[in-house]
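> 3D model of this:
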Amino acid sequence: MSSGASLKITQVGSRISETPGARAVLKGLGLGRIGHSVTVANTPSFRGMVKKVMHLVRIEEVK
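Predicted coordinates for the structure are as follows:
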């Protein structure tokens, strides 16, 4: 992933059985329901957040 693009993150998994930390990361990303999407900058901090909830989200690179 190049750093000049943005990331489109779509929630595809439920947060019900997740740890409080994973729930907090989803909230921090602006997600809360399956099917909702957000676009964030492709920075190390956002990539680290996505890495913690990789099993709950789908990531696409947007120009």
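
> quick one: distance of stretch 26-34 to the chain centre.
7 Å (CA atoms, centre = their mean, to the nearest Å).

> dump that stretch to CSV, restricted to CA.
Once non-C-alpha atoms are left out, stretch 26-34 reads as follows in CSV (Å, rounded to 0.1, in the frame of the first residue of the first chain):
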residue,chain,number,x,y,z
LEU,A,26,-14.0,-0.1,15.6
LYS,A,27,-15.5,2.9,17.4
GLY,A,28,-12.3,4.8,16.8
LEU,A,29,-12.4,4.1,13.1
GLY,A,30,-16.0,5.3,13.0
LEU,A,31,-17.5,1.9,12.4
GLY,A,32,-20.3,0.3,14.4
ARG,A,33,-22.5,-1.7,12.1
ILE,A,34,-21.9,-4.4,9.5
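
> in it, what counts as buried?
Buried positions in stretch 26-34, judged by neighbour count with 16 or more other CB atoms under 10 Å: L26, L29, L31. Backbone N, C-alpha and C define where each C-beta goes, glycine included.

> repeat for stretch 7-17
Quick answer for stretch 7-17 (16+ other CB under 10 Å): L7, I9, Q11, G13, R15.

> and the buried residues of stretch 26-34 as TSV, adding secondary structure, distance to V62 and pLDDT?
As requested, the buried residues of stretch 26-34 are exported to TSV (DSSP: H, G, I helix; E, B strand; the rest coil; distance: CB to CB, whole Å; pLDDT from 0 to 100):
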residue	secondary structure	distance to V62	pLDDT
L26	helix	20	97
L29	helix	15	97
L31	coil	16	97
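
> out of the residues you listed, the closest to M49 would be?
Comparing the buried residues of stretch 26-34 against M49 with CB to CB picks out L29 as the nearest, at 5.9 Å.

> quick one, what contacts that closest one?
By CB atoms under 8 Å, 6 or more residues apart in numbering, L29 lies in contact with I9, V38, V40, F46, M49, V50, V53, V57.

> what of V57?
Counted by CB under 8 Å, 6+ apart, V57 has contacts I9, T10, Q11, V12, G13, L29, L31, V50.
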